[in-house]
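**Student:** structure here, sequence nowhere to be found:
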């Protein structure tokens with residue numbers, strides 16, 4: 001019996017869908033003064049204001065949310081890693097405040113989509129999931145175990161038998177798209193071998209095996225069947241057939257004795273850095289050799305490692321594009337080098353990917369991850385996470401400008417949430433990263449944004465004195 005794929009049964013019911021999931025400080029100044037005494041806009045005191053808003057929203061939904069009874073030619077999956085409901089809410093407020101408003105009334109680009117839903121996230125063996133298991137779930141349709149990529153629930157983290165790993169691999173939407181003769185691409189602000197992007201092409205029992213296989217775990221008689229994640233991208237399907245691969249993580253593709261062409265930043269200083277591969281292989285060169293073996297002309301494929309290289313491409317001629325813009329993860333949007341020899345933004349990478357993939361006559365499937373939202377949350381950098389979310393939103397807006405909404409399904413989702421909490425009854429328009437007017441029994445103030453876990457718990461035996469701390473700078 002012929003297996004059904006998403007392209008057999010997934011009609012374009014709408015041009016856009018948003019899926020929500022449950023489970024530091026900035027260096028900029030907001031363009032308004034403290035609004036702690038702000039109560040409401042005058043127009044909001046009039047009931048007619050709310051009636052008119054409700055009417056306009058209903059009319060907009062009725063006009064936009066008409067089903068399109070045809071197949072989706074293109075699919076773009078946007079994943080805000082760790083972008084839970086509280087992150088979306090706080091980012092919405094920050095966006096409005098950066099524009100000079102109170103913030104609460106603002107809307108993010110994907111909040112304008114005609115359809116939305118809530119979905120539940122968990123791994124087969126974990127109540128709170130990790131990005132490897134969740135990415136496997138939404139890219140393959142099969143729930144997986146913690147820390148595993150592209151595998152069924154029969155395989156758990158660090159399974160010793162690589163032959164069993166191969167037998168229990170599950171195909172991702174990228175494989176389905178290639179089989180349907182569509183172009184494919186992956187864009188991320190993390191390492192391209194990181195969990196979410198890797199789930200689109202890799203099958204492995206430990207997400208950390210990006211450039212090595214742990215010999216102490218796998219059986220000797222099956223070791224030859226195991227390939228690290230970077231090697232799978234270059235050698236295996238669907239990795240080697242991906243038309244566009246853009247992100248960070250050069251060290252997984254270079255041998256230990258080879259200096260990285262751009263180096264790395266360590267304590268705000270640019271220092272020499274070397275690859276991490278023990279096998280002596282330069283997988284970037286091997287990717288280029290593969291395109292030559294395919295018989296492609298030199299102007300039909302390219303490897304780039306900075307913004308200038310990306311922007312100088314002839315997108316109409318490029319069929320295969322590999323871009324690795326950082327030794328490790330790409331920089332946070334606020335901190336990235338914006339010079340030509342620096343790193344492109346997520347928006348710029350998304351635009352380049354769409355322009356290359358749009359050349360394919362049968363359409364494309366593209367995965368775009370705002371991966372450093374998650375990293376900022378892990379470090380307790382709330383404002384940084386919100387700024388990453390706003391860049392993620394800009395990428396979505398640019399994508400919608402570049403494609404035909406009539407033939408493109410755009411899905412915006414997250415893979416899991418974070419422990420970020422919004423609380424304290426702050427006044428309307430209060431800076432989202434500021435303190436509230438609430439105090440605990442010790443008369444210590446709260447911030448509006450609070451993490452319930454994170455790096456701070458290791459160093460603080462009690463609450464710190466925040467009364468005179470500036471949380472906004």
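**Tutor:** Yes, it's here. Remember, predicted model here, so these are calculated numbers, not experimental data.
**Student:** and residue 421, helix, strand or coil?
**Tutor:** Three-state call for residue 421 (DSSP: H, G, I helix; E, B strand; the rest coil): strand.
**Student:** is it in a bridge, and if so with what?
**Tutor:** Judged by DSSP bridges, the bridge partners of residue 421 are residue 450.
**Student:** check contacts around it.
**Tutor:** For residue 421, the contacting residues are 86, 449, 450, 451, 452, by Cβ atoms under 8 Å, 6 or more residues apart in numbering. Quick note: C-beta positions are derived from backbone N, CA and C, even for glycine.
**Student:** the residue nearest to residue 350 when sequence neighbours are not counted: neighbour count?
**Tutor:** Nearest residue to residue 350, sequence neighbours excluded (Cβ to Cβ, 6 or more residues apart in numbering): residue 395, at 4.3 Å. When neighbours are counted by other Cβ atoms under 10 Å, residue 395 registers 25.
**Student:** mind listing what the spatially most central residue of the chain touches?
**Tutor:** Centroid-nearest residue in the chain: residue 369, 2.1 Å away (criterion: Cα atoms, centre = their mean). Residues in contact with residue 369, defined by Cβ under 8 Å, 6+ apart, are 78, 79, 80, 81, 186, 187, 188, 189, 190, 196, 197.
**Student:** export those residues as CSV, with columns for pLDDT, distance to residue 179 and neighbour count.
**Tutor:** Below are the contacts of residue 369 laid out as CSV (pLDDT from 0 to 100; distance: Cβ to Cβ, whole Å; neighbours: other Cβ atoms under 10 Å):
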residue, pLDDT, distance to residue 179, neighbour count
78, 99, 23, 26
79, 99, 22, 29
80, 99, 28, 28
81, 98, 27, 27
186, 99, 17, 27
187, 99, 21, 29
188, 99, 23, 30
189, 99, 28, 35
190, 99, 27, 25
196, 99, 22, 26
197, 99, 20, 31
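**Student:** widest-spaced pair of these?
**Tutor:** For those, with distances taken as Cβ to Cβ, the pair at the greatest spread is 80 and 186 (15.4 Å).
**Student:** and the pLDDT for residue 11?
**Tutor:** Confidence at residue 11, expressed as pLDDT, is 34.
**Student:** mind listing what's buried in the helix or strand in which residue 400 is found?
**Tutor:** Using DSSP states H and E, residue 400 sits within helix 382-402. Buried residues in helix 382-402, counted by 16 or more other Cβ atoms under 10 Å: 382-396, 398-400.
**Student:** out of the contacts of residue 421, who has the most neighbours?
**Tutor:** Sorting those by how many neighbours each has (other Cβ under 10 Å) puts residue 449 first, at 23 neighbours.
**Student:** ok, that one touching residue 418?
**Tutor:** No. Contact criterion Cβ atoms under 8 Å: residue 449 and residue 418 do not qualify, at 10.9 Å.
**Student:** which residues of the stretch 1-150 of the chain fall in helices?
**Tutor:** Applying DSSP state H, counting those that start in this stretch to the stretch 1-150 of the chain gives helices spanning 6-9, 47-64, 85-98, 131-140.
**Student:** as JSON lines, these with distance to residue 237 would be great.
**Tutor:** JSON lines is the format used below for the helices of the stretch 1-150 of the chain (distance: least, Cβ to Cβ, whole Å):
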{"stretch": "helix 6-9", "distance to residue 237": "17"}
{"stretch": "helix 47-64", "distance to residue 237": "38"}
{"stretch": "helix 85-98", "distance to residue 237": "35"}
{"stretch": "helix 131-140", "distance to residue 237": "14"}
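**Student:** go through the ones you listed and name the closest to residue 206.
**Tutor:** That would be helix 131-140 among the helices of the stretch 1-150 of the chain, by Cβ to Cβ, at 8.8 Å.
**Student:** residues in contact with that closest one?
**Tutor:** 77, 79, 81, 121, 123-124, 126, 142-151, 170-174, 194-196, 198-200, 207, 367, 374, 413, 415-416.
**Student:** now swap in stretch 146-153 and tell me
**Tutor:** When contacts are defined by Cβ under 8 Å, 6+ apart, stretch 146-153 is touched by residues 123-126, 129-130, 132-133, 135-136, 140, 142-145, 155-158, 165, 168-170, 172, 195, 198-199, 201-208, 229.
**Student:** tell me which helix or strand the spatially closest residue to residue 426 that is not a sequence neighbour sits in.
**Tutor:** Of all residues not flanking residue 426 in the chain, residue 436 sits nearest, at 4.3 Å (Cβ to Cβ, 6+ apart). Assignment of secondary structure by DSSP H and E places residue 436 within strand 435-439.
**Student:** now for that strand, which elements pack on it?
**Tutor:** Using 3 or more Cβ pairs under 8 Å, 6 or more residues apart in numbering; DSSP states H and E, the elements in contact with strand 435-439 are strand 445-447.
**Student:** adjacent strands (with direction) for the strand it packs on?
**Tutor:** Applying DSSP bridges, strand 445-447 is found paired with strand 435-439 (antiparallel).
**Student:** and the helices in the stretch 251-400 of the chain, which stretches?
**Tutor:** For the stretch 251-400 of the chain, applying DSSP H, counting those that start in this stretch gives helices covering 283-293, 307-311, 346-357, 372-379, 382-402.
**Student:** of these, which is nearest residue 320?
**Tutor:** Closest of the helices of the stretch 251-400 of the chain to residue 320 is helix 283-293, at 5.5 Å (criterion: Cβ to Cβ).
**Student:** pLDDT on that closest one, on average?
**Tutor:** 98.
**Student:** next one: that helix to chain centre, how far?
**Tutor:** Centroid separation for helix 283-293 versus its chain: 27 Å, with Cα atoms, centre = their mean, to the nearest Å.
**Student:** same check on stretch 154-172?
**Tutor:** Relative to its chain's centre, stretch 154-172 lies at 25 Å (Cα atoms, centre = their mean).
**Student:** ok, and what's touching it?
**Tutor:** For stretch 154-172, contacts defined as Cβ under 8 Å, 6+ apart pick out 125, 136, 139-140, 142, 144-148, 150-152, 199-201, 203-206, 214, 217-219, 222-226, 238.
**Student:** if we go to 7 Å?
**Tutor:** Applying Cβ atoms under 7 Å, 6 or more residues apart in numbering, the contact partners of stretch 154-172 are 125, 139-140, 142, 145-148, 150-152, 199-201, 203, 205-206, 217-219, 222-223, 225-226.
**Student:** contact partners for residue 206?
**Tutor:** 147, 157, 158, 214.
**Student:** dump those residues to JSON lines, plus neighbour count, pLDDT and distance to residue 289.
**Tutor:** Shown next, in JSON lines, are those (neighbours: other Cβ atoms under 10 Å; pLDDT from 0 to 100; distance: Cβ to Cβ, whole Å):
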{"residue": "147", "neighbour count": "21", "pLDDT": "99", "distance to residue 289": "32"}
{"residue": "157", "neighbour count": "20", "pLDDT": "99", "distance to residue 289": "34"}
{"residue": "158", "neighbour count": "15", "pLDDT": "98", "distance to residue 289": "33"}
{"residue": "214", "neighbour count": "14", "pLDDT": "97", "distance to residue 289": "28"}
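**Student:** care to break this structure down by domain?
**Tutor:** Listed by automatic domain parsing, the domain ranges of the chain are 6-26+68-422, 424-473.
**Student:** just the ones you listed: most buried one?
**Tutor:** Most buried of these, by mean neighbour count (mean count of other Cβ atoms under 10 Å): domain 6-26+68-422, with a mean of 20.
**Student:** okay, residue 94: pLDDT?
**Tutor:** At residue 94, the pLDDT value in this model is 98.
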